[in-house]
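*Asks:* With the input below, show me the fold.
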Amino acid sequence: MTRGFYVLYKQKAARCEVTYIGIAGLGAKTAMGGRIKSHTRSKKGWTHFSFFEVHDNVTGAEIRELEGLLLAIFSDDPRIGLTNVQKESRKFRETRKPPVWR
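*Replies:* Got it, this is the predicted structure:
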């Protein structure tokens with residue numbers, strides 16, 4: 001089973017824009033091929049995809065952290081319209097809170 005993360009893109013003129021970032025391979029039925037096929041059925045505006053496989057020694061928590069990092073980076077870019085419901089991980093949201101001065 002291929003584990004890692006994938007990116008869906010939408011063709012815009014001569015370039016492709018990121019529209020969705022997801023992870024695969026953490027559950028019994030969520031292999032990379034199955035995740036991309038499930039997006040194919042809904043086909044919400046994406047035209048291309050990339051997938052990135054991780055080594056066997058990378059844990060599921062680390063894959064989720066990678067996804068959260070990518071979502072945090074792309075969610076702040078006004079040129080990109082992510083369709084993800086989740087825009088960043090809880091861990092990154094906590095680190096971005098302004099300090100409380102007393």
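*Asks:* Per-residue pLDDT of the closest residue to residue 35 other than its chain neighbours, please?
*Replies:* Leaving aside its chain neighbours, residue 35 sits nearest to residue 24 (4.2 Å; criterion: Cβ to Cβ, 6 or more residues apart in numbering). In short, each C-beta sits where N, CA and C put it, glycine included. Looking at residue 24, its pLDDT is 88.
*Asks:* okay, now residue 24: neighbour count?
*Replies:* Residue 24 has 23 neighbours, counted by other Cβ atoms under 10 Å.
*Asks:* who's in contact with it?
*Replies:* Neighbouring residues of residue 24 by Cβ atoms under 8 Å, 6 or more residues apart in numbering: 2-6, 30-32, 34-36, 51.
*Asks:* And the residue nearest the centre of this protein?
*Replies:* Nearest to the mean C-alpha position of the chain, by Cα atoms, centre = their mean, lies residue 21 at 2.2 Å.
*Asks:* Assign that one to helix, strand or coil.
*Replies:* Judged by DSSP: H, G, I helix; E, B strand; the rest coil, the three-state class of residue 21 is strand.
*Asks:* For it, list each beta-bridge partner.
*Replies:* Listed by DSSP bridges, the beta-bridge partners for residue 21 are residue 7.
*Asks:* ok, it touching residue 72?
*Replies:* No: Residue 21 is not in contact with residue 72 according to Cβ atoms under 8 Å; the separation is 10.3 Å.
*Asks:* Listing request: residues of the chain with sub-threshold pLDDT.
*Replies:* Low-confidence segments of the chain (pLDDT under 70): 28-29, 43, 78-81, 83-102.
*Asks:* hmm, try it at 80
*Replies:* For the chain, the stretches flagged by pLDDT under 80 are 1, 27-30, 40-45, 72-102.
*Asks:* tell me what the longest helix anywhere in the chain is packed against?
*Replies:* Once the chain is assigned using DSSP state H, the helix that runs over the most residues is helix 60-75. Counting contacts by 3 or more Cβ pairs under 8 Å, 6 or more residues apart in numbering; DSSP states H and E, helix 60-75 is packed against strand 4-12, strand 15-24, helix 90-95.
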